[in-house]
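Novice: the sequence and its predicted three-dimensional model are supplied below.
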Amino acid sequence: MTFPRAADVVIIGGGVNGASIAFNLAERRVRNIVLLEKETLAGGPTGRSSAILRQHYSNEVTARMAFNSLKEFQEFSHKVGGECGYVKTGFMIIVDARDADRLKQNVAMQQRIGIKTQLITANEVKQIDPYLCTEDFLYAAYEPEAGHADPVLTTSSYGEAAKRLGVQVFQKTFVRSVKANSSRVLGVETDKGTIETQTVIAAVGPWTPMLVAPLGISLPIHACRAQICIVERPAQMKEEVHPIYADFVSSIYLRPEEGRQTLVGSIDPKEAEDRAPNPDSYKEAVDTHFRDEMLEKLAKRVPILKNGLYKGGWVGLYDITPDWHPVIDQVGPEGLFIVAGFSGHGFKLAPATGDMVADLVTGGKSAVPDVKFFNYDRFAKKQYIRGQYEYSIAG
Ligand SMILES: Cc1cc2nc3c(=O)[nH]c(=O)nc-3n(C[C@H](O)[C@H](O)[C@H](O)COP(=O)(O)OP(=O)(O)OC[C@H]3O[C@@H](n4cnc5c(N)ncnc54)[C@H](O)[C@@H]3O)c2cc1C
């Protein structure tokens with residue numbers, strides 16, 4: 001494929017969001033779209049994602065995005081084409097007495113939107129999952145339709161679907177800079193040549209601040225390490241899957257992995273303090289103290305997993321904003337759109353994000369009208385998006 005000298009739209013970043021945006025724009029019959037990725041599709045944080053698809057948010061906008069997105073994951077082969085690896089497991093969010101009222105309010109709000117979710121007691125949790133210790137909480141919110149997807153497969157499928165609609169995808173192509181004059185975007189300079197364009201969408205996750213800084217844009221996004229541990233379940237646990245849990249009492253989350261394994265990670269907002277100033281070079285091995293903490297908490301919540309076997313883990317990056325919500329906005333010179341800062345919960349939202357961004361760029365009306373919710377100016381005005389919980393990543 002010849003490298004283009006001009007395009008109508010250039011999308012930088014081939015994570016799940018860049019790929020979803022490319023597909024959604026092409027579906028709206030935008031032509032001459034180019035997607036540029038410095039590694040391979042999903043080669044950054046997306047490829048290390050736990051890819052949990054829950055709809056439990058305490059803000060209506062994000063809850064609606066998660067609701068709309070889950071429908072796309074469930075009907076992926078029909079709506080997009082290809083596979084996303086959706087596995088239905090059910091999802092429970094466990095809170096202690098402090099958050100019980102907020103949990104009830106949030107479940108009521110989500111039910112109004114149409115999300116299949118219900119408040120259940122600890123006893124009912126025990127009936128669904130007898131392995132779980134339910135002694136330290138009273139209620140959980142249960143979403144039977146929730147599950148997880150395969151983040152690499154999802155992104156590749158969006159990329160392939162975009163290509164079928166005419167999008168040119170270039171991997172191993174690094175964007176050195178976005179070119180602009182005092183008022184508008186003019187193009188991008190890459191290691192393969194310059195592309196002239198009037199529309200650039202920067203979906204480069206933790207790399208976004210450094211890409212837009214030369215344009216005078218200060219973006220309050222920092223990268224932090226997000227660690228994952230894998231435990232093989234003991235033979236006494238016969239089930240192939242178990243529900244996914246966001247356990248606010250122990251500040252951990254768990255999801256089943258293939259091969260009777262369980263993935264465990266942290267939902268402690270302190271994780272944001274483990275900064276990775278250079279997203280291209282950070283410690284990729286799991287810290288020993290993190291592993292020990294996760295195994296201990298896991299064994300308390302699921303006592304039978306005391307006999308599980310630690311199988312290693314990996315470390316990805318979150319792109320954190322001050323309020324743990326992304327920027328989805330036109331920022332700086334006309335024609336520059338920033339889609340970044342998903343703060344560790346952006347995978348599940350990618351179908352809705354692609355839809356919103358395609359509408360933002362083309363002036364259409366997306367299924368989620370309030371893209372302004374994610375405006376850039378909120379940081380300067382200190383009008384942060386506030387969740388109902390203390391657990392920032394929960395949204
Ligand atoms: C360990 C972990 C667990 C997670 N678990 C969940 C979960 O359970 N559920 C959930 O919803 N979310 C989860 N997330 C968050 C979610 O995965 C991310 O929010 C989402 O994948 C971000 O996608 P993105 O496309 O915005 O960015 P990224 O995945 O960061 O992609 C950006 C891409 O841009 C490329 N790039 C950067 N600079 C340039 C350049 N100059 N030129 C060309 N290309 C460039 C990078 O190589 C990268 O591929 C998790 C994340 C991690 C790390």
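Specialist: Looks like it arrived, so ask away. Numbering: from 1, shown residues only.

Novice: S218 and R275: what is the separation?
Specialist: Separation of S218 from R275 (Cβ to Cβ, to the nearest Å): 17 Å. In short, each C-beta sits where N, CA and C put it, glycine included.

Novice: with K79 instead?
Specialist: Look at K79 and R275: by Cβ to Cβ, they are 38 Å apart.

Novice: also P326?
Specialist: On the measure of Cβ to Cβ, P326 and R275 end up 19 Å apart.

Novice: same deal with G387?
Specialist: 22 Å.

Novice: then A202?
Specialist: A202 sits 21 Å away from R275 when distances are taken as Cβ to Cβ.

Novice: and Q111, by the same measure?
Specialist: From Q111 over to R275 (counting by Cβ to Cβ), the distance is 38 Å.

Novice: quick check: residues of the stretch 51-200 of the chain near the ligand?
Specialist: Where the stretch 51-200 of the chain comes near the ligand, counting by Cβ under 6 Å from any ligand atom, the residues are 51-52, 174-175.

Novice: I'd assumed L336 was in contact with G216.
Specialist: No. Using Cβ atoms under 8 Å, G216 makes no contact with L336, being 11.2 Å away.

Novice: between those two, which one's more packed in?
Specialist: L336 (21 against 9; other Cβ atoms under 10 Å).

Novice: can I get the residues of the stretch 51-200 of the chain next to the ligand in a markdown table including neighbour count?
Specialist: Output for these, formatted as a markdown table (neighbours: other Cβ atoms under 10 Å):
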| residue | neighbour count |
| --- | --- |
| A51 | 25 |
| I52 | 22 |
| F174 | 13 |
| V175 | 22 |
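
Novice: output stretch 125-140 as CSV, nothing but the C-alphas.
Specialist: Output of stretch 125-140 as CSV, limited to C-alpha atoms (Å, rounded to 0.1, in the frame of the first residue of the first chain):
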residue,chain,number,x,y,z
VAL,A,125,-24.4,-13.9,46.4
LYS,A,126,-23.5,-17.1,48.3
GLN,A,127,-26.2,-19.0,46.4
ILE,A,128,-24.7,-17.8,43.1
ASP,A,129,-21.1,-18.5,44.1
PRO,A,130,-20.7,-20.7,47.2
TYR,A,131,-16.9,-20.3,47.1
LEU,A,132,-17.1,-16.6,48.0
CYS,A,133,-16.7,-15.3,51.6
THR,A,134,-19.7,-13.1,52.2
GLU,A,135,-19.3,-12.3,55.8
ASP,A,136,-18.1,-8.6,55.5
PHE,A,137,-20.8,-7.1,53.3
LEU,A,138,-24.5,-6.9,53.1
TYR,A,139,-25.3,-6.2,49.5
ALA,A,140,-24.0,-6.5,46.0
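
Novice: residues contacting it, please?
Specialist: 90, 92-97, 100, 103-104, 119-124, 142, 237, 242-243, 245, 249, 300-305 (Cβ atoms under 8 Å, 6 or more residues apart in numbering).

Novice: in strands, which of those residues appear?
Specialist: By the criterion of DSSP state E, membership of these in strands covers 92-95, 119-121, 142, 245.

Novice: now list the buried members of the contacts of stretch 125-140.
Specialist: Buried members of the contacts of stretch 125-140, scored by 16 or more other Cβ atoms under 10 Å, are 90, 92-95, 103, 119-120, 122, 142, 237, 242-243, 245, 249, 300-302, 305.

Novice: which ones are touching the residue sitting nearest the centre point of the chain?
Specialist: With distances taken as Cα atoms, centre = their mean, the chain has G346 as the residue nearest its mean C-alpha position (1.9 Å). If you count contacts by Cβ under 8 Å, 6+ apart, G346 has them with 16-17, 326, 353.

Novice: please identify which two of those residues are farthest apart in space.
Specialist: V16 and P326 (12.5 Å; Cβ to Cβ).

Novice: can you pick out the residue with more neighbours from these two?
Specialist: V16 (35 against 27).

Novice: my read: the more buried one touches T155, true?
Specialist: Yes. At 4.8 Å, V16 counts as touching T155 under the criterion of Cβ under 8 Å.

Novice: any common contacting residues for the two?
Specialist: With Cβ under 8 Å, 6+ apart as the test, V16 and T155 both reach 42, 46.

Novice: where are the low-confidence patches of this structure?
Specialist: 366-369, 390-393 (pLDDT under 70).

Novice: can we see that at 90?
Specialist: For the chain, applying pLDDT under 90 flags the ranges 1, 96-99, 238-241, 363-371, 386-395.

Novice: what segments of it are helices?
Specialist: Counting by DSSP state H, one finds helices in the chain at the ranges 16-27, 60-74, 76-79, 100-113, 122-128, 151-164, 208-212, 288-301, 350-362, 377-380.

Novice: burial-wise, tell me which of the ones you listed comes out on top.
Specialist: When the helices of the chain are scored by mean count of other Cβ atoms under 10 Å, the highest mean neighbour count falls to helix 16-27 (a mean of 29).
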